[in-house]
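Student: Next input, structure requested:
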Amino acid sequence: MTGSTLPRHSGEGRSTLLTAAAKRQTVAGMTDPATLHRALLTIDTHIDIPWPDGPSPFEDGPRRVDLPKMLRGGLAAGCFAAYIPQGARDDAAHEAAFARAIAMLGAIRAMGHPQPNGGGPASGLTGRIATSVAEIESARADGVPAIIPAVENGYAIGTEVDRLTRLRALGARYLTLTHNGHNALADAAIPRPDLGDKAEAHGGLSPLGRAAIGRMNALGMLVDVSHAARSTMVQAAEASRTPVLATHSAIRALCDHPRNLDDGQLDVLRATGGLIQITAVPAFLKADAKAGEVGLAEFAAHIDYAVQRIGIAHVGIGSDFDGGGGFTGWHDAAESPNVTAELLRRGYDRPAIAALWGGNFLRLLRLAEHAAT
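Tutor: Model (predicted):
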């Protein structure tokens, strides 16, 4: 299916790159990357949390993203995902997956409150749960890290669409339709033969998956197509009243990995107003890569490619920190200013960088809020 058959949304936009003269001024120091970075409302659209036990998010520890690192790195907001690994598709396993999702959302929500019994720092450092655009912007104005809950893998709801209402009540602003392995909602980009998967289970979305997308639209939840099969992704873009997004993916033309989006999928995002958030996972950025062989240049090359193909309005940033993301130059949230510096070096101006770092994601959240019933 070509993009021309899909509905178009406003806000496509084009890359706003600096002129050659302006770029020389930037390199010469006329625009300070650190100052610019601190002025932006920066949002990382996909961060995992250690589970079931992990270092405190209130202390500067071994996590790639904790509240001190967010403050030090000028990261205004993060989407923290309750990641549910794919398992068997039976009633008992579905119950366990839903229970895990609820518990993990509780842990994410706890990042917005200092914890008793030593769970929070003596300073009272805390984030703020932000489940709407207004709340994200308010937290930014107050200088408080915004914590945006999300759920990774539709396996979390098993075969019960009504469970989405509970997830949304706990703050979840998006659901990733699949992880690795097919579930009851849809086919994944990477099947799991160890779980009995064949190449495909539904030919994309199942009827249950289509119902789930309808319910997410009604609840104001975004549809995340990271990890989804190509057929699932295209069908989800067609079915959703709100543009879909890939919260942590990269470009298949630059790195031929089944998790990445090909040119046709990028064109679907442009046609439907959606987003690709470029991830920091080395294996998705460079073939046969290790973290030490990937740096800011490889990461930014994926941003450049997407911007040039589908426009600045359809591209953003989602690290997948604490879930595999991280490379030389952007190892953790504290190094987030390095991304802004690299984008400036490549000639992106302030409006373009603001769009990449969160403006485009906020646009989709607003659309989801307006479409909700």
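Student: Give me the local confidence score for residue 343.
Tutor: Looking at residue 343, its pLDDT reads 98.
Student: Are we agreed that it is in a helix?
Tutor: Yes - assessed by DSSP: H, G, I helix; E, B strand; the rest coil, residue 343 belongs to a helix.
Student: all helices of the chain, in order?
Tutor: 20-27, 33-39, 67-72, 91-110, 133-142, 163-169, 207-219, 230-239, 263-272, 282-285, 296-310, 337-345, 350-354, 360-371 (DSSP state H).
Student: of all the ones you listed, which lies closest to residue 249?
Tutor: Counting by Cβ to Cβ, residue 249 lies closest to helix 282-285 out of the helices of the chain; the figure is 7.0 Å. From N, CA and C alone the C-beta is placed, and that goes for glycine too.
Student: Output the below-cut-off pLDDT ranges for the stretch 1-150 of the chain.
Tutor: Residues of the stretch 1-150 of the chain that meet the criterion pLDDT under 70 lie in 1-30, 114-124.
Student: among the helices of the chain, which is nearest residue 184?
Tutor: Among those, if distance is taken as Cβ to Cβ, the winner is helix 207-219, at 5.5 Å.
Student: List of residues touching that closest one?
Tutor: 154, 157, 159, 161-162, 164-165, 168, 175, 177, 184-186, 202, 205, 222-223, 232, 235-236, 239-242, 368, 371-373 (Cβ atoms under 8 Å, 6 or more residues apart in numbering).
Student: Tabulate the helices of the chain (TSV), appending distance to residue 60 and mean neighbour count.
Tutor: Shown next, in TSV, are those (distance: least, Cβ to Cβ, whole Å; neighbours: other Cβ atoms under 10 Å):
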stretch	distance to residue 60	mean neighbour count
helix 20-27	31	13
helix 33-39	19	16
helix 67-72	4	21
helix 91-110	18	17
helix 133-142	20	16
helix 163-169	30	18
helix 207-219	35	20
helix 230-239	37	22
helix 263-272	36	21
helix 282-285	24	24
helix 296-310	23	21
helix 337-345	17	21
helix 350-354	26	19
helix 360-371	26	20
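Student: Columns distance to residue 49 on top of those, output as a markdown table?
Tutor: Formatted as a markdown table, the helices of the chain follow (distance: least, Cβ to Cβ, whole Å):
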| stretch | distance to residue 49 |
| --- | --- |
| helix 20-27 | 36 |
| helix 33-39 | 24 |
| helix 67-72 | 12 |
| helix 91-110 | 6 |
| helix 133-142 | 19 |
| helix 163-169 | 15 |
| helix 207-219 | 22 |
| helix 230-239 | 25 |
| helix 263-272 | 27 |
| helix 282-285 | 20 |
| helix 296-310 | 23 |
| helix 337-345 | 21 |
| helix 350-354 | 27 |
| helix 360-371 | 19 |
